[in-house]
Structure formats: structure tokens, C-alpha cells
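[1] with the sequence up front, the predicted model follows.
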Amino acid sequence: MAAGALAAGGALAACSSGSAKPVAATAAKPPAVTVHEAMVILTGGMVKQSGWPLFVPSDVTVPTGATVDVTIYNYDDGTAALPPSVAMYGKASGVTGLTEAGQPVTSVSAADVSHTWTIPTLGLNVPIEAAPAANGGPHKPMVVTFSFKAVKAGTYTWKCFAPCGDGTDGMGGAMATNGYMQGSFTVA
Ligand SMILES: [Cu+2]
């Protein structure tokens, strides 16, 4: 009796796993999602708050698993050279297809960095070059594009590491304030 029940159970399990397989394979393949995010960097002077450059928007949310195509329009024509302690943020990491002004790049020299978009906990860093000098004419942005995959759900803090803020080290003011040179990146 017990042996018969086992045999029947075994047969049933084999049968149901055989028929469930194609369903599981279909369910495990969600459609690939690509989202496009645009951010603009404005100088403080453009928004009547001199010395307070900012990213707009500063808080971004993307779906888990999405490929994120980012375009950053940097209207700041000033540089904020990376000091030696954070010189490593001149090198891009964690992203693919980085271009600046239409040119593929993998790093920006420390002296030429204007801002960075950096999520240290994800190993993600993008150095951003300055906009062309306006020279009294219309402002033209430095256009920066890159992609990455938002693999792990969570809320992460992004920061700029170029000392573009207040204080003797340039790390105060905008550099230390959410909504300016830092914000949140949420994968949900
Ligand atoms: Cu900055």
C-alpha cells in the first residue's frame, strides 16, 4: 500500500514537472525594458542662486532590470578640478557607451571635470566635461550619454565628486545638499 502510494506520487510528480516546464520557461523571460532618463545641469546663476549648481531632476526612479539610457545636458561651462583624493572619479565605471560631445570617451582628465554623476555603492561613475564657453552668446550644453543596467532594487544616493560647491574645499553648499549636487536613484 505504502509502496503503491509512493510509486503513484512519483509518477504524478514526473508527469506534472514535465508539463510545467514550458510554462516556467516562458514566465522566466520578462520583456526587456529600456528607459530613457534626461538630466540637466544648470549653473546657480541660471536660477538666481549664484554658486549653487544643480542637477534637474535630482531624484530618479527606474524599473528593476531596466536598461537605463541616460543623457545629461551640462550647461555649466566651469570646471571643478578633481583633487588627488578623488582623482579616480575622472575615470568612467559601471556604464557602457559613454560619449561626450558625440565622442566616445572612457575618462576625463581631472583638470577638465565639471561635475560627476556617481553612485559609489553601485560602482557607477560618470565624469562630465564642461559646456563650451558661452562668450556672451547662447548657452550650449555639453551632451553626455551612457547606459547601464539597473540590476538590484534599492534606493541609492548619487553624488557629484567635483568640488563645485562652497567653502575652502568646494565641498559645502550645493555639494552637501540634496536637490543640487546629490540626490536619490531608486530601482523599484
Ligand atoms: Cu558638481
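    Looks like it came in fine.

[2] mind telling me what element residue 156 is part of?
    Applying DSSP states H and E as the criterion places residue 156 in strand 154-159.

[3] so who does residue 35 touch?
    62, 63, 66, 67, 68, 69 (C-beta atoms under 8 Å, 6 or more residues apart in numbering). All C-beta spots, glycine's among them, are computed from the backbone N, C-alpha and C.

[4] hmm, I typed the wrong one, I wanted residue 149.
    Residue 149 touches 65, 66, 67, 68, counting by C-beta under 8 Å, 6+ apart.

[5] circling back: and the contacts of residue 35 as TSV, adding secondary structure?
    Listed next are the contacts of residue 35 as TSV, based on DSSP: H, G, I helix; E, B strand; the rest coil:
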residue	secondary structure
62	strand
63	coil
66	coil
67	strand
68	strand
69	strand
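
[6] would JSON lines of the residues you listed with pLDDT and distance to the ion be doable?
    As requested, the contacts of residue 35 are arranged in JSON lines below (pLDDT from 0 to 100; distance: C-beta to the ion, whole Å):
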{"residue": "62", "pLDDT": "97", "distance to the ion": "22"}
{"residue": "63", "pLDDT": "96", "distance to the ion": "27"}
{"residue": "66", "pLDDT": "97", "distance to the ion": "26"}
{"residue": "67", "pLDDT": "98", "distance to the ion": "26"}
{"residue": "68", "pLDDT": "98", "distance to the ion": "20"}
{"residue": "69", "pLDDT": "98", "distance to the ion": "22"}
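
[7] nearest to residue 147 among those?
    The closest of those to residue 147 turns out to be residue 69 (C-beta to C-beta; 5.1 Å).

[8] so what's the closest one up against?
    Counting by C-beta under 8 Å, 6+ apart, residue 69 touches 34, 35, 36, 37, 145, 146, 147.

[9] and these, which of them are buried?
    Buried by 16 or more other C-beta atoms under 10 Å: 145, 146, out of these.

[10] for the contacts of residue 69, give me a markdown table that also has pLDDT and distance to residue 76.
    What follows is the contacts of residue 69, written out as a markdown table (pLDDT from 0 to 100; distance: C-beta to C-beta, whole Å):
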| residue | pLDDT | distance to residue 76 |
| --- | --- | --- |
| 34 | 97 | 28 |
| 35 | 97 | 25 |
| 36 | 98 | 22 |
| 37 | 98 | 19 |
| 145 | 98 | 17 |
| 146 | 98 | 18 |
| 147 | 98 | 23 |
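
[11] show me which of the contacts of residue 69 is closest to the ion.
    Proximity of those to the ion was ranked by C-beta to the ion; the top entry is residue 146 with 16.8 Å.
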